[in-house]
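Colleague: fold the following and give me the result.
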Amino acid sequence: MITEFVQGIFKKDYIIGLDIGSSSVKLAQFIKKEDGLHLLRLNLIEIEQTGDESASEEQRTSALRNLLKSVDLEKSKVIASINCPQTAIKKVITPYMPKSELRAGIMLEAKNYFPFPTDQSLLDFQILGDVIEQGVRKYEVVIAVSPIKTVNKYLLLLEKAGIKPAAFVPSAFLLQQSAGYAAQIKHGEARCLIDIGAYNTELIIAKGKYLVFSRKIPIAGNDFTKAMMQVLVSDRGRLQLSFEEAEKIKRQVGFPAEGESRIIDGKISTAQILSMLRAPLEQLSAEIERCLDYYREESGGSKIDSIVLFGGGASLGGLNQYLAEALGMEVRLGDSLEGIQAESEAIPERSRLSHRSEQAIGCALSGAGGINLLPAEFKDQAKKVLKRGTLEAVSAAVILILIFIFAGMKIQLSNYEKRISVGKLELSSLEPQLKIARSEQLMNKLLADEPYWEDVFLELSNLIPDNIYLTNLSMQNNIIKMKGIVVSTKDEVKLVSDFILVLERGIFNNLKLLGTRNLGQNSGAEFELRCWLDSQ
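Modeller: As a prediction, the model looks like this:
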């Protein structure tokens, strides 16, 4: 009863994904049901592009407050996407080692994984699984980094809106999470997913539901807007669009088709628009082609089945047709709502939101069970608050339950007294059996951690080769240490390595060579191993 009461207080009924972009703020609210997550609400508020960062910041804060106006934050787990030019993810292969040592190793090597300094960045990683390279076991890991400055900026923005995030997840990872949820993905299908935002464009290649390649492309939506601000001289005179005018016409017209000629707002022709947009268009398609070529080379010629566009920039008319012709493959607008269970009226404008909400949806779907770039002190603070709140709730629950018990006992006191008397008689009759059970329990506890030495010695006697013999065998804290000598030979190191491989096939695991020492005068070498036993 106490457990159910506490769970009821701290249960998070909702998961909210937030995508705080430069041109819009998106929210995806999911509710937990027995058959999984159901989309309860999907919404987007546009941010006016003025070039004034402080004004944009105020708009984003206001948009967040409006989106969360009807949300019970106490019952919600809020996960936000995070992005900037130095927020990135990369899949790498690392040596196999204890997970407690893996983080330190990744921190040391992070500078070699990313083309920018990472010493002032927050880092997190997720182990995807084990791989075997040339017979050696290794880890396949996704590593994410983001500058501390960027993380603090997001924290401040959310604080102004009254939000305490449970996690920050990099946008490239979310793109893979959201797109990988789609029910129509075929096993082994390789897709290039591109999210075109106002300032950043993310490109990832996913095979099935798994990330295989990620890169930022230096062409985004505002580059097209700025290209339309060039000075034009024509028979109608000199013309230069402001940023707001260029942004409006870009969204209205998109990328005109070749040969099309009409005047927009009495100022500029579609032919002029296409002429100004051609350079960033060609640069974008060239960058995509470079990424595809790199993937084909690294994967031994594997093909990309399709290119899927997401983000506000993907809305621009004619973009997918242009890229399809330039790249010679299918390019389509993405739908982040594929495979999502949605409540009625959860999606008011599917055509407008489906390709722009992949980050917010990806946040909620991830549950931040893997990568989380929230600073450690905020993670610890959340744990402390939960622990303190749990203790307070348990205390309150205990008091409440005691009151109920007291009231019940007062009403039925005579019945309880009779039951207590009967219980005492039964307990006294069971006392001898309880003593025996306690003794057996104590013996089992003392022997629980001891290995079956008979099996250990039998296994070793079958596995030790003729030119190796053990001089010492000990166990402490469930760790077995072996010392032995390799009889003089030309390659003592290989013999020890072969011996380790043989042991790993048996009941021993996580073997580690602690050291070797040459005995001199061709007498052989002394070695020391450490390992664990498989669970009995």
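Colleague: the helix or strand where Trp532 lies pairs with which strands, parallel or anti?
Modeller: Using DSSP states H and E, Trp532 maps to strand 524-533. Partners of strand 524-533 in the sheet, by DSSP bridges, are strand 479-487 (antiparallel), strand 508-518 (antiparallel).
Colleague: so which of those comes closest to Asn66?
Modeller: strand 508-518 (53.3 Å; Cβ to Cβ). Any C-beta I mention is one placed from the backbone N, CA and C, and that applies to glycine too.
Colleague: state the mean pLDDT of that closest one.
Modeller: Per-region confidence: strand 508-518 scores 82 on mean pLDDT.
Colleague: now it: buried residues?
Modeller: Residues of strand 508-518 classed as buried: 508, 511 (neighbour count, 16 or more other Cβ atoms under 10 Å).
Colleague: C-alpha coordinates for that strand, PDB please?
Modeller: What follows is strand 508-518, C-alpha atoms only, in PDB (Å, rounded to 0.1, in the frame of the first residue of the first chain):
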ATOM      1  CA  PHE A 508      36.100 -18.000 -16.700                       C
ATOM      2  CA  ASN A 509      35.300 -14.500 -18.000                       C
ATOM      3  CA  ASN A 510      36.700 -10.900 -18.100                       C
ATOM      4  CA  LEU A 511      40.200 -12.300 -18.000                       C
ATOM      5  CA  LYS A 512      42.900  -9.600 -17.700                       C
ATOM      6  CA  LEU A 513      46.700 -10.100 -17.800                       C
ATOM      7  CA  LEU A 514      48.100  -8.200 -14.800                       C
ATOM      8  CA  GLY A 515      51.700  -8.700 -15.800                       C
ATOM      9  CA  THR A 516      54.600 -10.900 -16.900                       C
ATOM     10  CA  ARG A 517      58.200 -11.200 -15.800                       C
ATOM     11  CA  ASN A 518      61.000 -12.900 -17.600                       C
END
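Colleague: follow-up on the earlier one: want to throw the strands paired with strand 524-533 into TSV with distance to Glu140?
Modeller: Converted to TSV, the strands paired with strand 524-533 look like this (distance: least, Cβ to Cβ, whole Å):
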stretch	distance to Glu140
strand 479-487	27
strand 508-518	19
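Colleague: Gly311: which of these is closest?
Modeller: strand 508-518 (44.8 Å).
Colleague: thinking again about what came up before, what's the closest of the strands paired with strand 524-533 to Phe30?
Modeller: Evaluated over the strands paired with strand 524-533, closeness to Phe30 peaks at strand 508-518, with 39.3 Å, by Cβ to Cβ.
Colleague: before we move on, back to that, who's in contact with the strand holding Trp532?
Modeller: 451, 456, 471, 478-489, 492-493, 496, 500, 503, 507-519 (Cβ atoms under 8 Å, 6 or more residues apart in numbering).
Colleague: looking at the strands paired with strand 524-533, which is nearest to Leu156?
Modeller: Taking those one by one with Cβ to Cβ, strand 508-518 is closest: 44.1 Å.
Colleague: helices or strands next to the helix or strand harbouring Asp223 in the packing?
Modeller: Taking DSSP H and E as the criterion, the element that holds Asp223 is helix 221-227. In terms of contacts (3 or more Cβ pairs under 8 Å, 6 or more residues apart in numbering; DSSP states H and E), helix 221-227 is packed against helix 243-253, helix 270-298.
Colleague: buried ones in it?
Modeller: Those would be 221-225, 227, for helix 221-227 by 16+ other Cβ under 10 Å.
Colleague: which residues touch Glu211?
Modeller: Actually, residue 211 is Leu. It isn't Glu. With Cβ under 8 Å, 6+ apart, Leu211 has these contacts: 89, 91, 142, 172-173, 176, 204-205.
Colleague: what about 10 Å?
Modeller: The contact partners of Leu211, taken as Cβ atoms under 10 Å, 6 or more residues apart in numbering, are 89-91, 128, 142, 172-173, 175-177, 180, 193, 204-205.
Colleague: out of those residues, which one has the lowest pLDDT?
Modeller: Within the contacts of Leu211, pLDDT is lowest for Gly180, at 57.
Colleague: what comes up buried for the helix or strand hosting Ala324?
Modeller: Using DSSP H and E, Ala324 sits within helix 319-327. Residues of helix 319-327 classed as buried: 319-320, 322-324, 326-327 (neighbour count, 16+ other Cβ under 10 Å).
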